[in-house]
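Enquirer: Sequence unavailable; structure follows:
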């Protein structure tokens, strides 16, 4: 578990877009690279965009792994000639894609695919990717509480707290995932809760009732729980991935997004974009 503070300078009325990107599985033949590239371009072109890496950014399955299927590999990422240095190739290919948005990264987590590869091949895929794009400071490990500290030239400071982790839940139905995400609110204090791994894509608002500082008025603060989506197709022409073999339904691809508007009068407000 890590604690990080990221300072963000704002002018009153600025709206920031927060993208949690994960479960890309770059290197799988089922990865939607065009959508991944389009998401990167959207972040690159938005001067107020921020993003978090949610884990499983690469497929990270090697020929010695029991999950390996030669026909399931994207030959443009890992071809036969590069299989003896597959970890290096994953790092190079992913770093090439992320480098244009490196300065907008506020954190980057491991996923189970990276950790399994690391354990068997004595490396650290996520750390190597971050070093390659010049952002080793952004490493979150598995789970992290990130404080986004919005600061203005006038001395106003408004922190927003994000709890992010790769997650552990799978399954075909989202009900249990929503309940488990909400359960985080009982023992982790945050404003936005982000979970990956499931390949589900949803955002659920929750309202917390409180009282103003003078104890004269009820206040309502919206918090959000989300599973952050995936870029891995369930079904793909001429390829048979593990999700197809397990009978999973088609996945809603892409990532969720949060708009954070900061005012020197009211602090920050959030809204979600599915």
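Expert: Perfect, I can see it now. These numbers were taken from a predicted model, which means no experiment stands behind them.
Enquirer: Give me the neighbour count for the closest residue in space to residue 124 that isn't next to it in sequence.
Expert: Excluding its sequence neighbours, the residue lying closest to residue 124 (C-beta to C-beta, 6 or more residues apart in numbering) is residue 118, at 5.5 Å. (Glycine included, C-beta is placed from N, CA and C.) Neighbourhood size, residue 118 [other C-beta atoms under 10 Å]: 18.
Enquirer: which stretches of the stretch 51-200 of the chain form helices?
Expert: Secondary structure of the stretch 51-200 of the chain (DSSP state H, counting those that start in this stretch): helices located at 86-98, 112-121, 125-132, 175-183.
Enquirer: possible to save the ones you listed as CSV with mean pLDDT and distance to residue 260?
Expert: Compiled in CSV, the helices of the stretch 51-200 of the chain are given as follows (pLDDT from 0 to 100; distance: least, C-beta to C-beta, whole Å):
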stretch, mean pLDDT, distance to residue 260
helix 86-98, 96, 22
helix 112-121, 94, 28
helix 125-132, 98, 24
helix 175-183, 87, 19
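Enquirer: Let's have the ones you listed in JSON lines, adding distance to residue 53.
Expert: Listed next are these as JSON lines, based on distance: least, C-beta to C-beta, whole Å:
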{"stretch": "helix 86-98", "distance to residue 53": "8"}
{"stretch": "helix 112-121", "distance to residue 53": "10"}
{"stretch": "helix 125-132", "distance to residue 53": "8"}
{"stretch": "helix 175-183", "distance to residue 53": "19"}
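Enquirer: Out of the ones you listed, which gets nearest to residue 10?
Expert: Closest to residue 10 of the helices of the stretch 51-200 of the chain, according to C-beta to C-beta: helix 86-98, at 24.4 Å.
Enquirer: my guess is residue 263 meets residue 12, correct?
Expert: Yes - the pair residue 263 and residue 12 qualifies as a contact (C-beta atoms under 8 Å) at a distance of 5.3 Å.
Enquirer: Report the buried residues of the lowest-mean-pLDDT helix or strand in the chain.
Expert: When each helix and strand of the chain is scored by mean pLDDT, DSSP states H and E, helix 242-246 comes last, with a mean of 77. Residues 243-244 are the ones in helix 242-246 that count as buried (16 or more other C-beta atoms under 10 Å).
Enquirer: cool, and stretch 179-187?
Expert: Buried-residue list, stretch 179-187, by 16+ other C-beta under 10 Å: 180-181, 184.
Enquirer: do the same with stretch 184-197
Expert: Residues 184, 190-197 are the ones in stretch 184-197 that count as buried (16+ other C-beta under 10 Å).
Enquirer: One more: stretch 118-133?
Expert: 118, 123-130, 132-133.
Enquirer: can you tell me which residues contact the residue lying closest to residue 74 once chain neighbours are set aside?
Expert: Spatially, and ignoring its direct neighbours in sequence, residue 74 is nearest to residue 29 (4.9 Å; C-beta to C-beta, 6+ apart). Residue 29 makes contact with 71-74, 236, 239, 241, according to C-beta atoms under 8 Å, 6 or more residues apart in numbering.
Enquirer: Any chance of a ChimeraX selection covering the buried ones in those?
Expert: Remark: buried members of the contacts of residue 29, expressed as a ChimeraX selection using 16+ other C-beta under 10 Å:
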select :72,73,74,236,239,241
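Enquirer: Among the contacts of residue 29, find me the one that's closest to residue 221.
Expert: Distances from residue 221 to those, taken by C-beta to C-beta, are shortest for residue 241, at 40.9 Å.
Enquirer: Right, I'll call it a day here.
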